[in-house]
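Undergrad: dropping a prediction and its sequence here:
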Amino acid sequence: MYRLLLLFALFCQGIMACELVVRFENYAAQSKLDEDLVWHGIDVDFAKALLDEAGCCYRFVSIPWGRALKLLEEGEIDLILSVTKTPLREQYAYFIGPQRMETIVFAMNAHAPYQLDSLESLFHLSKPIAIQRNAYYGEAFTQRLKQRKDNETQFIFVPDNQVKLNLLKKGRIA
């Protein structure tokens with residue numbers, strides 16, 4: 001019922017007032033919080049245009065990815081951008097279409113490159129790899145991650161992209 005009301009509010013401009021909570025991450029060009037605590041970026045502009053067109057008020061919040069997905073499922077927040085559609089997420093979220101097309105890549109420190117020639121190579125590096133908690137890296141990676149053996153402990157789960165970048169800069173991850 002809640003999802004139907006949300007959908008109705010988004011597409012019936014002017015009929016009813018709405019106030020939505022929108023999750024952003026302070027990260028790169030997509031969404032950046034400035035020193036005056038004002039959000040800027042591509043995702044912010046996209047969300048503002050959509051919500052302004054719908055006639056909705058909104059409040060932007062910074063919440064780690066995994067927690068944001070849980071809060072969306074519980075109805076505590078209303079909108080997250082750049083979410084990959086998966087069967088599990090379709091059980092609690094409504095997807096309005098692709099926001100942009102992207103390719104997930106493995107970034108490594110330029111001063112300590114690793115030779116990677118397959119997905120399997122990721123599971124045999126000498127340094128750990130940081131992956132964002134509850135992020136979706138594709139079906140092949142998801143299936144292989146589920147099959148890891150006890151001695152394959154090189155993945156560490158982090159709350160956001162900034163933590164990954166900080167660990168990479170300090171040479172603590174591959």
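TA: Arrived safely, thanks for sending. Not measured: the values here are computed from a predicted model. Numbering: from 1, shown residues only.

Undergrad: could you list the low-confidence segments of this structure?
TA: 1-17 (pLDDT under 70).

Undergrad: which positions in stretch 87-101 come out as buried?
TA: Arg89, Ala93, Gln99 (16 or more other Cβ atoms under 10 Å). All C-beta atoms are positioned from the backbone trio N, CA, C, and that covers glycine.

Undergrad: now do the contacts for the residue nearest to the first one when sequence neighbours are not counted.
TA: Take Arg89 and drop its neighbours on the chain: the residue closest to it by Cβ to Cβ, 6 or more residues apart in numbering is Val83, 6.6 Å away. Applying Cβ atoms under 8 Å, 6 or more residues apart in numbering, we find Val83 in contact with Leu69, Arg89, Ala93, Phe95.

Undergrad: what helix or strand is the first one located in?
TA: What that stands for is Leu69. Under the criterion of DSSP states H and E, Leu69 resides in helix 65-74.

Undergrad: re earlier: turn the contacts of Val83 into TSV, including distance to Arg144.
TA: Output for the contacts of Val83, formatted as TSV (distance: Cβ to Cβ, whole Å):
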residue	distance to Arg144
Leu69	21
Arg89	20
Ala93	25
Phe95	25
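
Undergrad: in strands, which of those residues fall?
TA: Of the contacts of Val83, none are assigned to strands by DSSP state E.

Undergrad: and stretch 70-80, what's buried?
TA: Buried residues in stretch 70-80, counted by 16+ other Cβ under 10 Å: Leu71, Leu72, Ile77, Asp78, Leu79, Ile80.

Undergrad: please, which helix or strand holds the nearest residue to the fourth one once chain neighbours are set aside?
TA: Which is Asp78. Leaving aside its sequence neighbours, Asp78 sits nearest to Leu20 (Cβ to Cβ, 6+ apart; 4.0 Å). Using DSSP H and E, Leu20 sits within strand 18-24.

Undergrad: show me the strands in the chain, by range?
TA: Going by DSSP E, the chain shows strands at 18-24, 32-33, 39-40, 56-62, 79-80, 129-132, 155-158.

Undergrad: other SSEs contacting the top helix by length along the chain?
TA: Looking across the chain with DSSP state H, the single longest helix is helix 42-54. Contact here means 3 or more Cβ pairs under 8 Å, 6 or more residues apart in numbering; DSSP states H and E; on that basis helix 42-54 packs against helix 2-11, strand 18-24, strand 56-62.

Undergrad: brilliant, that's me finished.
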